[in-house]
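Q: sequence below, structure please.
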Amino acid sequence: MRKQAESSQDHSLSRSWGKTVRVIASALVVCAAGWGLTACGSDNASSAHSSDASADSSAGATSSTSTSSPEESASSTPSASASSDSSNTNSEHMACATTQLEGKLTQGIGGGAGSLYSYIVLTNTGGTCTIGGYPGVSLSAAGKQLGAAALREPGTSTTLTVQHNASVYAQLQITQATNLPESSCKPTAADSVVIYPPNQQQAITITTKSFTGCANSNTPIIRVKALQAGTGQ
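A: Alright, predicted model coming up:
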């Protein structure tokens, strides 16, 4: 009986010890699992924080880039434009002003059939400039325009770059007023030719008594061609 009691007691202790061991083991597993979760949670939080920080930094860089890019593009375009405009300004010269042009009349090629041909020659006495198109031309007497201004002869007009001391010319065809009916022309001796360079409001006056004009402005007798490079000679 005693042996049975001891055996039963030992068996109870063994079972109790086994339970205790299992409880301790379970506790250790739970603890270990808790530590593992805590570590992972810390790592995940750190990783998420880093990711958020990285996302914020990236968003800031993107915003900065997207904001600054248009500004840089906008600022660089005017600069380029400004640089380009400056370059064009340097390469494209100003229009020839009346004050820098010296005018004279020379004998043109042609004649007969009741007309006279002359060349208006304009020489640049200043810096390089540009000129092109048709000059305004009329005869004058006693400081007043005589008759109608010159009609433009159809033709090609180009812009010319005129360096210092270089010249351009335009051909004039002037009908002899004395060959026209006096009633429709009213012939009057001219004492000068008045020339307005293209796009200028100040005229060049060349004194001459070679022409007779028509006082009747309804009878135009002058035709002018577009300016060309050179003197026509």
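Q: please count neighbours and contacts with C-alpha atoms only from this point.
A: Fine.
Q: can you give me the end-to-end distance of stretch 210-230?
A: Using C-alpha to C-alpha, to the nearest Å, one end of stretch 210-230 lies 23 Å from the other.
Q: same question, stretch 177-188
A: For stretch 177-188, the first-to-last residue distance is 8 Å (C-alpha to C-alpha).
Q: what are the ranges of the helices in the chain?
A: 2-91, 182-185 (DSSP state H).
Q: what comes up buried for the last one?
A: Same thing as helix 182-185. By 16 or more other C-alpha atoms under 10 Å, the buried positions in helix 182-185 come out as residue 185.
Q: bridging residues for the spatially closest residue to residue 146 that is not a sequence neighbour?
A: The shortest distance from residue 146 to any non-neighbouring residue, by C-alpha to C-alpha, 6 or more residues apart in numbering, is to residue 140 (4.8 Å). In this entry, residue 140 is beta-bridged to residue 145, residue 192, by DSSP bridges.
Q: residue 140 touches residue 194, doesn't it?
A: Yes - assessed by C-alpha atoms under 8 Å, residue 140 is found in contact with residue 194 at 6.7 Å.
Q: neighbour-wise, which of the two wins?
A: Counted by other C-alpha atoms under 10 Å, residue 140 and residue 194 do not tie: residue 140 has more neighbours, with 25 against 22.
Q: might you report the residue contacts of the more buried one?
A: The neighbourhood of residue 140, defined by C-alpha atoms under 8 Å, 6 or more residues apart in numbering, consists of 146, 190-194.
Q: 6 Å instead, please
A: 146, 190, 192-193 (C-alpha atoms under 6 Å, 6 or more residues apart in numbering).
Q: and the helices of the chain, which one is worst for confidence?
A: If you rank those by mean pLDDT, helix 2-91 sits at the bottom with a mean of 38.
Q: which residues does residue 162 bridge with?
A: Beta-bridge partners, per DSSP bridges, of residue 162: residue 129.
Q: thought it was touching residue 129?
A: Yes - here residue 162 reaches residue 129: they are 5.3 Å apart, a contact under C-alpha atoms under 6 Å.
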